[in-house]
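# this one's structure only:
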């Protein structure tokens, strides 16, 4: 049996080993073909024992308040960095961390580099939708200002991730905009729409056009592409809605007898809705575009949430997400590296003409 090896930053996040180690045990018990490299300070991890877990020492910790420069240049033996180094050397197939997002992205990009054809890595995760499934949204905060070409790259990478998660070779891609019409949005968004439509014509992805914010939760598209500012707002809004629902349930059950009875009758439906919107079930954002798999857990994740992050990294490694991203990027390379559809069309025409001349001479 081929083992899937994950490197876990055990010191990151709001809770550190207190949450991460129990989550690791639950994950190992549920996956017999998984092995974990537990990265952190040995004195904090010494009490943990499992036949498929190994402690990898790291003497430093990147705090949630550390600047990117501090994490990257001064804390060279941090648990975050050592965990990603396990991926770089091939000791692990993926790394998982609940630590400082900016530091994680900077260290991962520095150590692993980006895939050819990708300028900026993106953070991608799934949000629950009304169809009982999930919509992948990217970027979620790594890139606040994006050019049209970056949004195209996000669409291609997102399609590769969803093809792994949903076993769907042709997931749908939508561009988040203020309206469905192609003339809507600023100049970069309109240009991105043009690039995405051209990519769809070439067979690089299944683009369905512009979508609006409410379409994320309707499930109109499998993948929603946007810049990091908008994506992060959408993510935090979803988490806020889930918290509001929990508060509503508690309030209704604490009122008078009539409302308690009404709430009790509606409880199964409300409980199902609460579970569907539980952000812990969708924890584990992929850092796409790197030459290695890295997953970011929410910093405040509990045991259930961090176990889900481990499961996402495990599924990505087992289903060869990195190879699928590379394949899609290679197929879309002419468009990704060009200035726009016109440049791609000219390059394609030149290539076709050269091939025709070669055949004629033969």
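Noted; the coordinates are in hand. It should be emphasised that the depicted structure is a prediction, and the values quoted were computed from it without experimental measurement.

# where do the strands sit along the stretch 101-250 of the chain?
122-128, 134-138, 172-176, 206-211, 223-225 (DSSP state E, counting those that start in this stretch).

# In the protein, where is pLDDT below threshold?
The chain contains residues with pLDDT under 70 at 1, 238-239, 241-250, 252-256, 258-260, 262-264, 266-279, 337-362.

# care to break it down by domain?
As assigned by automatic domain parsing, the chain contains the domains 1-113+290-319, 126-253+325-362.

# for the ones you listed, which one ends up most surrounded?
domain 1-113+290-319 (a mean of 20; mean count of other C-beta atoms under 10 Å). All C-beta spots, glycine's among them, are computed from the backbone N, C-alpha and C.

# gap between that one and the chain center?
The chain centre lies 15 Å from the centre of domain 1-113+290-319; the measure is C-alpha atoms, centre = their mean, to the nearest Å.

# With stretch 137-147 instead?
In terms of C-alpha atoms, centre = their mean, the centre of stretch 137-147 is found 12 Å from the chain centre.

# ok, and residue 44, which helix or strand is that part of?
Using DSSP states H and E, residue 44 maps to helix 42-45.

# and what of residue 5?
Element membership for residue 5, per DSSP H and E: strand 4-9.

# who's in contact with that strand?
20, 24, 31, 33-40, 56, 79-80, 82-84, 86-87, 91-99, 310, 313-314, 317-318 (C-beta atoms under 8 Å, 6 or more residues apart in numbering).

# what are the pairing partners of it, and which direction each?
strand 34-40 (parallel), strand 94-97 (parallel) (DSSP bridges).

# Dump the ones you listed to JSON lines, plus distance to residue 50.
Formatted as JSON lines, the strands paired with strand 4-9 follow (distance: least, C-beta to C-beta, whole Å):
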{"stretch": "strand 34-40", "distance to residue 50": "8"}
{"stretch": "strand 94-97", "distance to residue 50": "16"}
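
# Let me know which of the domains of the chain is the nearest to residue 120.
domain 126-253+325-362 (5.1 Å; C-beta to C-beta).

# How far off centre is the closest one?
Between the mean C-alpha position of domain 126-253+325-362 and that of its chain there is a distance of 13 Å (C-alpha atoms, centre = their mean).

# before we move on, back to that, which residues are in contact with the helix holding residue 44?
10-11, 16-17, 21, 38, 55, 57.

# out of the residues you listed, which are inside helices?
The helices, defined by DSSP state H, take in 17, 21 from the contacts of helix 42-45.

# All the helices of the protein, in order from the start?
Under DSSP H, the chain gives helices at 17-30, 42-45, 68-69, 79-89, 101-112, 148-165, 187-202, 214-218, 228-253, 257-277, 303-318, 321-337, 341-361.

# Residue 127 is nearest to which of the ones you listed?
Between residue 127 and these, the shortest separation by C-beta to C-beta is 5.1 Å, and it involves helix 228-253.
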